[in-house]
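1. my questions concern the predicted model and sequence given below.
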Amino acid sequence: MKATVIAEGRGTKWICFGRDDDMPEKIIETNHFLVLTPSDAVLLEPGGTESFPALLSAVLQYCPVERINHVFVSHQDPDVCSSISLWNDTLPHAKMYAPWLWEGFLRHFGCDRMEFVPIPDEGLTLALDQCDLRFVPAHYLHSPGNFNVYDARLKVLMSGDLGAALEPRGSPLYVDDFALHEPRMRLFHQRWLPSRRAKDDWVRRVRQLDVDLMAPQHGRIFRGPDVTRFLDWLEALEVGIGV
Amino acid sequence: MSEARPTSRRGATPFHVVAAGITARLNAILPVAQDITLEAVNAKALIVRTGDAVRAFRPITDYMDELAQDTIRLVRAINQEATLVLRATMEEMRLGVLVRALRRALDAYDGPNAVTVGARLAQIEDRRQKLETERRSRRHALDMLITEIDARMKAARIIAGTSRIEAAGAGPYQGSVGSVADTLERAAKAIQARIDECRRMLRRADY
């Protein structure tokens, strides 16, 4: 599994893990993130059972497990969190943050050792050393209980399924040509996002944030002007038209 | 030290599937055992009605009652044991998955940050091995309980035979006493069949 530092400064580092060459072909590729501060670490989107060994060994390159005090789960999908029973025993000291809506469901995976912190609908802020991570509501995009993660200092938005693309293995980490990339995202957004109202509200709120880097859970990361291009594109896109 | 992956015999059924199957089969035994109790009550009522005519039948009805209560107790004990073995097996399997995943992670990374994971792996492997030992001992307990209930059913069929002999000398009550014997024999056969199934399942079990 490849690890790339995507943002760094003021004692904080964002590392993206993904592009695992050993992942079986039929399993969707996922991006996982580690936010590292001088004395703390947060694992965002711990992933599926299949990716657990590769992700753990990649994370260990950056910090010991005892430093990972927080795990964030944006929503209930198996590619986001079916590994939580494994992390539960690996990080028994950690807190797991997930939408309150999914607590009773996620507990079916088995997470009795990590402390479960339900995120209220309006979101919350996690303070780590000098870095504040905001869990920004993204409900109905696609999951009815769903959050993104925003770091105002480094101007990074982990956007979950927003901006996700379905593309072949070995694709680059960053969007280099938005026009070429757009078709790879279209079907995903039209089929997965059920609500125009929720989508438009999210676009409006994200436009108010200062974002240099938008990192989705699948596909490529958007930089600089491509973040605005994405917001414009999504705003104009008709969604919920899978049927 | 045994491997995290349970040793597997070719064609063997996973043990948690066997434990669940045994629980399901035993649930079907309980109403049959309750039928024996009911038949013993009927038989006692028959003795009261007939006075001396079937007096020799009384110890048999007492034994039937005792047998039914014993069977119910044993079935409940087996059920409890099967449920516990099922839980232990599931947790052992889950920890086995975790142990294998942690080993794979440590195979890919052996730097200084591996120390804590290595220590955690040792603790988890220890927990898994304790569960494996518990599963083996519970499996043995399950075998013993099944043997015990099997012996009870063999005794029940002997009692049914004795009842028939008693019925032959019961004059006008021959039919009633014979019917009690038939019910007892049918119940014992039904329970025995279920127990034999459980035994076959245990023999095929992966452990």
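-> Great, that's in hand.

2. and the nearest residue to A:C131 once chain neighbours are set aside, how many neighbours?
-> Excluding the flanking residues, the one nearest A:C131 by C-beta to C-beta, 6 or more residues apart in numbering or on different chains is A:T12, at 4.4 Å. (C-beta placed from N, C-alpha, C; glycine too.) Burial of A:T12 is recorded as 21 neighbouring residues (other C-beta atoms under 10 Å in any protein chain shown).

3. do A:D176 as well
-> With other C-beta under 10 Å as criterion, A:D176 counts 11.

4. ok, and what's touching the longest helix that chain A contains?
-> Counting residues, the longest helix found in chain A (DSSP state H) is helix A:178-192. By C-beta atoms under 8 Å, 6 or more residues apart in numbering or on different chains, the surrounding residues in contact with helix A:178-192 are A:142, A:161-167, A:175, A:218-220, A:226, A:229-230, A:233-234, A:237-242.

5. quick one: distance of it to the chain centre.
-> Here helix A:178-192 shows a centroid-to-chain-centroid distance of 18 Å under the convention C-alpha atoms, centre = their mean, to the nearest Å.

6. buried residues in that helix?
-> By neighbour count, and taking 16 or more other C-beta atoms under 10 Å in any protein chain shown as the criterion, the buried residues in helix A:178-192 are A:178, A:181, A:184-185, A:188-189, A:192.

7. shaky segments in the chain?
-> No chain in the question, so chain A it is. Along chain A, segments meeting pLDDT under 70 span A:242-243.

8. chain B is the one I meant
-> B:1-11, B:206-207.

9. residue numbers of it in contact with chain A?
-> With the criterion set to C-beta under 8 Å from any C-beta of the partner chain, chain B comes near chain A through B:94-95, B:97-98, B:101-102, B:104-109, B:111-117, B:120, B:124.

10. where's the spatially most central residue of chain A relative to chain B, distance?
-> Relative to the mean C-alpha position of chain A, the nearest C-alpha, by C-alpha atoms, centre = their mean, is the one of A:G160, at 4.0 Å. For A:G160, the distance to chain B (C-beta to the nearest C-beta, to the nearest Å) stands at 25 Å.

11. helices - which of the residues of chain B next to chain A land there?
-> Residues from the residues of chain B next to chain A lying in helices, with DSSP H as the criterion: B:94-95, B:97-98, B:101-102, B:104-108, B:114-117, B:120, B:124.

12. what ranges does chain A have for its strands?
-> If DSSP state E is used as the criterion, the strands of chain A fall at A:2-9, A:12-18, A:32-36, A:41-44, A:68-72, A:95-99, A:115-119, A:124-128, A:131-137, A:147-151, A:156-160, A:213-216, A:222-223.

13. before we move on, the earlier item: which ones are touching the residue nearest to A:C131?
-> Residues near A:T12 by C-beta under 8 Å, 6+ apart: A:35-37, A:128-131, A:151, A:153-154.

14. at 7 Å instead, please
-> Contacts for A:T12 (C-beta atoms under 7 Å, 6 or more residues apart in numbering or on different chains) come out as A:35-37, A:130-131, A:153-154.

15. what's the answer for B:L95, then?
-> Remark: with contacts taken as C-beta under 7 Å, 6+ apart, B:L95 is in contact with B:124, B:127-128, B:131.

16. between those, which sits nearest chain A?
-> Of all the contacts of B:L95, B:I124 has the smallest distance to chain A: 5.9 Å, by C-beta to the nearest C-beta.

17. picking that back up, are any of the ones in helices among the residues of chain B next to chain A buried, and if so which?
-> When burial is judged by neighbour count using 16+ other C-beta under 10 Å, the buried members of those are B:94-95, B:97-98, B:101-102, B:105-106, B:108, B:114, B:117, B:120, B:124.

18. and the gap between A:G18 and A:Q217?
-> With distances defined as C-beta to C-beta, to the nearest Å, the gap from A:G18 to A:Q217 amounts to 9 Å.

19. mutual contacts of those two, please.
-> Contact with both A:G18 and A:Q217 is made by residues A:30-31, according to C-beta under 7 Å, 6+ apart.

20. can I get stretch B:95-109 in CSV, CA atoms only?
-> In CSV, the C-alpha atoms belonging to stretch B:95-109 read as follows (Å, rounded to 0.1, in the frame of the first residue of the first chain):
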residue,chain,number,x,y,z
LEU,B,95,-9.2,-13.7,17.1
GLY,B,96,-7.7,-16.1,14.5
VAL,B,97,-8.5,-13.7,11.7
LEU,B,98,-7.0,-10.9,13.8
VAL,B,99,-3.8,-12.9,14.6
ARG,B,100,-3.3,-13.7,10.9
ALA,B,101,-3.9,-10.1,9.9
LEU,B,102,-1.5,-8.7,12.5
ARG,B,103,1.1,-11.3,11.4
ARG,B,104,0.7,-10.2,7.8
ALA,B,105,1.2,-6.5,8.9
LEU,B,106,4.3,-7.4,10.9
ASP,B,107,5.7,-9.4,8.0
ALA,B,108,5.5,-6.2,5.9
TYR,B,109,6.9,-3.9,8.6
